[in-house]
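Asks: Task: produce atomic coordinates for the following.
(one chain, ligands or ions: 1)
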Amino acid sequence: MELHDKIILKSKDGDEFTVRRLLKTDKEHLQKFGKSLSEVSTATFLPHSYDDDTVNAYLERSETGEDLTLGLFFDDRIIAYFFLWYFTNPIPLLGMGILDEFQGKGLGKRMMQLLIDAARDKGLDGIELTTLPDNHRAYALYESVGFQHYADVNNKVGDGRIVVERAMFLQFNPEASPSIELHKPPVEINS
Ligand SMILES: CC(C)(COP(=O)(O)OP(=O)(O)OC[C@H]1O[C@@H](n2cnc3c(N)ncnc32)[C@H](O)[C@@H]1OP(=O)(O)O)[C@@H](O)C(=O)NCCC(=O)NCCS
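Replies: Presented below is the predicted three-dimensional model:
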């Protein structure tokens, strides 16, 4: 997906949303997204802190293409944030979060499909992700698009804690194997 491409995604109830790669100018949009996510959702999706330096570093990586970093926009508001970190590696690391009022509308599945297509189109070997053991909704979604649980791994979350999560893998290249090492964000955390 090119830097300024726009893709329309439709929810189950027919509302239209725009997907595009995030730019350095999206700093405030992304910080607002981080602030608007409920405590419950933040407990399952805190990829990084939302201070200026951290957000700038991620948006820089988005523009250079080191990560495929996407926003789902409704008007000019980011209502979902999703990405393939380490997009220049053979196996990137997937993450996604949707604002509470937009969950359960089928957007998660469409966002997954978009990330999977992007990784396949680039000829990558597969996609890894991690999810908390009690996140049954996310687990069901990931399984429904073909991911398989392969290990429990240590994962460094956005506030610096290391937690044990279920690691899942979607394999494109039959020779590839996913990592059981510590999974961590590409930017050092300010916490
Ligand atoms: C997890 C998340 C990305 C899912 O996206 P979504 O658009 O809300 O997805 P949906 O509600 O349509 O549900 C996806 C699937 O899970 C199923 N599901 C919903 N709630 C479930 C539950 N409690 N237990 C098991 N399955 C559940 C749905 O039936 C659906 O399957 P279907 O498409 O076959 O009907 C989204 O809810 C979210 O951002 N949550 C908060 C942050 C988060 O947990 N991020 C993931 C971190 S690993």
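Asks: Where does the prediction get shaky in the protein?
Replies: 189-191 (pLDDT under 70).
Asks: Please enumerate the strands of the protein.
Replies: Assigned by DSSP state E, the strands in the chain fall at 7-10, 16-21, 68-74, 77-85, 93-98, 126-131, 148-156, 162-171.
Asks: The fifth one packs against which elements?
Replies: The helices and strands touching strand 93-98, judged by 3 or more CB pairs under 8 Å, 6 or more residues apart in numbering; DSSP states H and E, are helix 39-44, strand 77-85, helix 107-121, strand 126-131. (C-beta placed from N, C-alpha, C; glycine too.)
Asks: other SSEs contacting the last one?
Replies: This points to strand 126-131. Judged by 3+ CB pairs under 8 Å, 6+ apart, the packing partners of strand 126-131 are strand 93-98, helix 107-121, helix 136-144, strand 162-171.
Asks: Can you name the residues of this protein sitting close to the ligand?
Replies: Taking CB under 6 Å from any ligand atom as the contact definition, the chain meets the ligand at 41, 44-45, 96-98, 103-109, 131, 135-138, 140-141, 144.
Asks: Of the residues you listed, which count as buried by neighbour count?
Replies: Buried members of those, scored by 16 or more other CB atoms under 10 Å, are 45, 96-98, 103, 105, 107-108, 131, 135, 138, 141.
Asks: Most proximal residue of this protein with respect to the ligand?
Replies: Proximity of the chain to the ligand (CB to the nearest ligand atom) peaks at Gly108, 2.2 Å away.
Asks: highest average neighbour count across the helices and strands packed on strand 126-131?
Replies: Highest mean neighbour count among the helices and strands packed on strand 126-131 (mean count of other CB atoms under 10 Å): strand 93-98, with a mean of 22.
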